[in-house]
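J.: Attaching a predicted model along with its sequence, questions to come.
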Amino acid sequence: MFASSEFRCSRPRFSQVKPFPQRTASKLAGLLLLGGLAGAGLARADALATLPPPPSELYGDLFVAVQTQQIFDDQKTFVDATPNSDPATILQLYAQQKNQPNFDLKSFVLANFTLPTEPPITPPSGQSLRDHINWLWPKLTRTTTSAPPFSSLIALPKPYVVPGGRFREGYYWDTYFTMLGLQESGHEDLVDDMLDDFAYEIDRFGHIPNGNRTYYLSRSQPPFFAQMVTLAANNEGPRVYQKYLPQLRKEYAYWMTGENATQRGQATRNVVVMQDGTVLNRYWDERDTPRDESYLEDVKTAQQVTSRPANEVYRDLRAAAESGWDFSSRWFGDNRTLTTIRTTSIVPVDLNSLMFGLEITIVKGCGVARDFRCVAEFIGRAKRRAEGINHYLWNRNGYYGDYDWRLGKPRDNLSAAALYPLFAGVAWPERAQRTLSAVNQNLLKERGLATTTFETGQQWDAPNGWAPLHWLTIEGARRYGRDDLAKDVGTRFLADVKQVYAAQQKLVEKYVVEGPNAGGGGGGEYPLQDGFGWTNGVTLRLLDLYAPGQ
């Protein structure tokens, strides 16, 4: 199927992984023709027309009042609420009553909306960690084939697993790590269901939204759909690649929108064209307003920035939300302060590594379908992507990292995102080893992998460690022959998860991996969440790798 052994990505022996040559003459195909995008845009517009607007548009002044006055502790509460009657009726009542003496906004909302609830999760006593996770899967599974009128929830045709806590809907990149555990638990049916849900969203909207809420539709998340397809194909056979090939190609077209019309040194949506013509990607959101689910936080951040318009700040905040790393020093101009956020100016190493993986997965699907023109085209695209990653996203300090395309220079801030090229198999071997050494020296702590080297108070910075980043590191290290480091990373984090579970009988969203105080991580816009989908999935894989029988 493949034109060269460089593209054999079906889990070869890690010691035999071949590097991409430092110079490749890729003349296999021209640029992808995106002439069908106009038709796709019309289809997406039709799909959106069947949904209510996001709450910020649906409720206008009422929305602003509720979020600004903080009548709920969490800004996500109101946007997940369901109106008890037609929004026009509620807004008319609000206009009539809001200026009356003794008007109480919270009482008005409680009378006119049904607030979201999280079903209590009370596990039986004495469960082992593995038994607890297996017990949790049904508690975190949702079936929402229809949504209440004017709800922000987007119905999906098949069941799906939510992360837990305030995260009452399915999330894009979380799901890959959740699937890891579902396979270990024998729930291949749920893996297939969620793949079908994502394929449905791509067909309907042109992309997989951040989550199945109307206020998430303006952005996606790190494109792990190709990795999910590969997970299923590993168990179910290569026809899975062909089954989802149309959606893989549609998702690729979404991320590459504007590539043919963008001048060198400029960007369009998620596409950045470097000065030498290399096409790479960035995070982006089509809206430039405060996020519905974090309205007041975003307004306050923008108010502190006097050097540029508020809409630019909002776009960068939203783009960081698309990255999944909301928020992190990775996106800050000074590596310290949220008000210096410049996400859309940054070419991220994680996104471009995943785009390489998407290109390779399309090659596999086209090979199964015997579409050899497609195979040639996407081999060419993957080679050019590999050249771009190894040119722009290799840091002179000895690790893979992000690049500021507006300033024309690398970002000198090592983070766990450095492992993505290893996970995707796009790293040159000698650079993979140097990256692993840098991570070992600077990020590996007593209880696992710190997310960055900066402590900013943001949740995607030190001292927090996250299950998905541990798994990506383990897979990357194993791919490049460092099983010893993979085991060290995995066993340290697993011990941390076990310690918290022994003390609190729960798994959490993130963990503190350094310092004297073990436990759940902190920082960010909301309290620590229990559940927790991706921690559950990674933990099961770690148990099987490093603690079999437990």
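T.: Nice, I can see it.
J.: Paired strands for the strand or helix carrying residue 280, with orientation please.
T.: If you go by DSSP states H and E, residue 280 is part of strand 279-281. Sheet pairing here is set by DSSP bridges, and for strand 279-281 it gives strand 271-273 (antiparallel).
J.: Show residues contacting the strand it pairs with.
T.: Identification of contacts with strand 271-273 by C-beta atoms under 8 Å, 6 or more residues apart in numbering yields 255-259, 262-267, 279-282, 347, 405. Heads up, the C-betas are built off the backbone N, CA and C, glycines and all.
J.: What's the ChimeraX syntax to select whichever of these are buried?
T.: In ChimeraX, this line selects whichever of the contacts of strand 271-273 come out buried by 16 or more other C-beta atoms under 10 Å:
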select :255,256,257,258,259,262,267,279,280,281,282,347,405
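J.: And the next helix or strand past the lowest-mean-pLDDT helix or strand in the chain?
T.: Least confident element among the helices and strands of the chain, by mean pLDDT, DSSP states H and E: helix 37-49 (a mean of 58). The element immediately downstream of helix 37-49 (helix or strand, assigned by DSSP H and E) is helix 55-68.
J.: Check the contact between residue 477 and residue 422; I expect there is one.
T.: Yes - Residue 477 lies in contact with residue 422 (C-beta atoms under 8 Å); the separation is 6.9 Å.
J.: which residues are common contacts for those two?
T.: The contact sets of residue 477 and residue 422 overlap at residue 436 (C-beta under 8 Å, 6+ apart).
J.: Quick one: neighbours of the residue nearest to residue 93 when sequence neighbours are not counted, just the number.
T.: Distance criterion C-beta to C-beta, 6 or more residues apart in numbering; nearest residue to residue 93, sequence neighbours excluded, is residue 112 at 7.0 Å. Residues lying near residue 112 (other C-beta atoms under 10 Å) number 18.
J.: and if you look at residue 397?
T.: Counted with other C-beta under 10 Å, the neighbours of residue 397 add up to 12.
J.: again, but for residue 438
T.: Residues near residue 438, counting by other C-beta under 10 Å, number 18.
J.: any idea which helix or strand comes after the helix or strand containing it?
T.: Here residue 438 sits within helix 429-442, counting by DSSP H and E. Next helix or strand after helix 429-442 toward the C-terminus (DSSP H and E): strand 444-445.
J.: Output the contacting helices and strands for that following strand.
T.: Strand 444-445 is packed against helix 483-504, with contacts defined by 3 or more C-beta pairs under 8 Å, 6 or more residues apart in numbering; DSSP states H and E.
J.: pLDDT on the helix it packs on, on average?
T.: Helix 483-504 carries an average pLDDT of 97.
J.: what's next to the next helix or strand after that helix, contact-wise?
T.: On the C-terminal side of helix 483-504, the closest following helix or strand by DSSP H and E is strand 511-512. Strand 511-512 is contacted by residues 447-448, 463-466, 493, 496-497, 500, 518-522 when judged by C-beta under 8 Å, 6+ apart.
J.: Return the subset of those residues lying in strands.
T.: Counting by DSSP state E, the part of those found in strands is 448, 464-465, 519-520.
J.: Of those, which is the nearest to residue 482?
T.: residue 448 (16.3 Å; C-beta to C-beta).
J.: and the closest one, what are its bridge partners?
T.: residue 445.
J.: Just to check, it is in contact with residue 500?
T.: No - assessed by C-beta under 8 Å, residue 448 is found out of contact with residue 500, at 11.6 Å.
J.: which SS class is the spatially closest residue to residue 312 that is not a sequence neighbour?
T.: Among residues not flanking residue 312 along the chain, residue 288 sits closest, at 7.2 Å (C-beta to C-beta, 6+ apart). Per DSSP: H, G, I helix; E, B strand; the rest coil, the secondary structure class of residue 288 is coil.
J.: Retrieve the pLDDT associated with residue 288.
T.: Turning to residue 288, the model gives it a pLDDT of 98.
J.: Okay, buried residues for stretch 512-532 please.
T.: So for stretch 512-532, counting by 16+ other C-beta under 10 Å, buried means 512-514, 518, 520-521, 523-526, 528-532.
J.: Can you tell me which of those residues lies closest to residue 193?
T.: Set against residue 193, the nearest of these by C-beta to C-beta is residue 531 (18.7 Å).
J.: which non-adjacent residue is nearest that closest one?
T.: That would be residue 164: by C-beta to C-beta, 6+ apart, it lies 1.9 Å from residue 531.
J.: Which residues are in contact with the residue located most distally from the centre of the chain?
T.: The outermost residue of the chain relative to its centre, with distances by C-alpha atoms, centre = their mean, is residue 101 at 46.3 Å. Applying C-beta under 8 Å, 6+ apart to residue 101 gives no contacts.
J.: shift numbering so it begins at 120
T.: Taking 120 as the first residue, the last one we looked at is residue 220.
J.: ok, back up a step: of the contacts of strand 390-392, which belong to helices?
T.: residue 374 (DSSP state H).
J.: Which residue ranges of the stretch 270-419 of the chain form strands?
T.: Taking DSSP state E, counting those that start in this stretch as the test, the strands found in the stretch 270-419 of the chain are 279-280, 385-387, 390-392, 398-400.
J.: want to throw the ones you listed into TSV with mean pLDDT and distance to residue 199?
T.: Converted to TSV, those look like this (pLDDT from 0 to 100; distance: least, C-beta to C-beta, whole Å):
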stretch	mean pLDDT	distance to residue 199
strand 279-280	98	16
strand 385-387	98	32
strand 390-392	98	32
strand 398-400	99	30
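J.: and those as CSV, adding distance to residue 346?
T.: Putting these into CSV (distance: least, C-beta to C-beta, whole Å) gives the following:
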stretch, distance to residue 346
strand 279-280, 16
strand 385-387, 25
strand 390-392, 21
strand 398-400, 16
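J.: so which of those strands comes closest to residue 242?
T.: Comparing these against residue 242 with C-beta to C-beta, the closest turns out to be strand 279-280 (16.8 Å).
J.: who does that closest one touch, helix- and strand-wise?
T.: Judged by 3+ C-beta pairs under 8 Å, 6+ apart, strand 279-280 is in contact with strand 260-261, helix 291-303, helix 307-324.
J.: what's the most buried one of the ones you listed?
T.: Mean neighbour count (mean count of other C-beta atoms under 10 Å) peaks for helix 291-303 among the helices and strands packed on strand 279-280, with a mean of 25.
J.: And the average pLDDT for it is what?
T.: Averaging pLDDT along helix 291-303 yields 98.
J.: for the record, mean pLDDT for whatever helix or strand residue 439 lives in?
T.: According to DSSP H and E, residue 439 maps onto helix 429-442. Averaged across helix 429-442, pLDDT comes to 98.
J.: got the contact list for that helix?
T.: Residues from elsewhere that reach helix 429-442 (C-beta under 8 Å, 6+ apart): 329, 337-341, 401-404, 406-410, 413, 417, 420-422, 424, 445-447, 449-450, 458, 460-464, 467, 469-470.
J.: picking that back up, closest to residue 195 out of the helices and strands packed on strand 279-280?
T.: Per C-beta to C-beta, nearest to residue 195 of these: helix 291-303, 15.5 Å.
J.: Let me see the residues that make contact with that closest one.
T.: The contact list for helix 291-303 (C-beta under 8 Å, 6+ apart) reads 252, 256, 279-280, 282, 286, 307, 309-310, 313, 317, 327-330, 339-341, 343-344, 346-347, 350, 354, 443, 586-587, 590, 652-653, 655-660, 663.
J.: One more: stretch 226-233?
T.: Counting by C-beta under 8 Å, 6+ apart, 185, 190, 197, 200-204, 209, 212-213, 216-217 sit against stretch 226-233.
J.: ditto for stretch 556-567
T.: Applying C-beta under 8 Å, 6+ apart, the contact partners of stretch 556-567 are 516-518, 533-535, 537-538, 568-572, 582, 584, 589, 592, 604, 607-608, 611-612, 614-615, 618, 630-633, 637.
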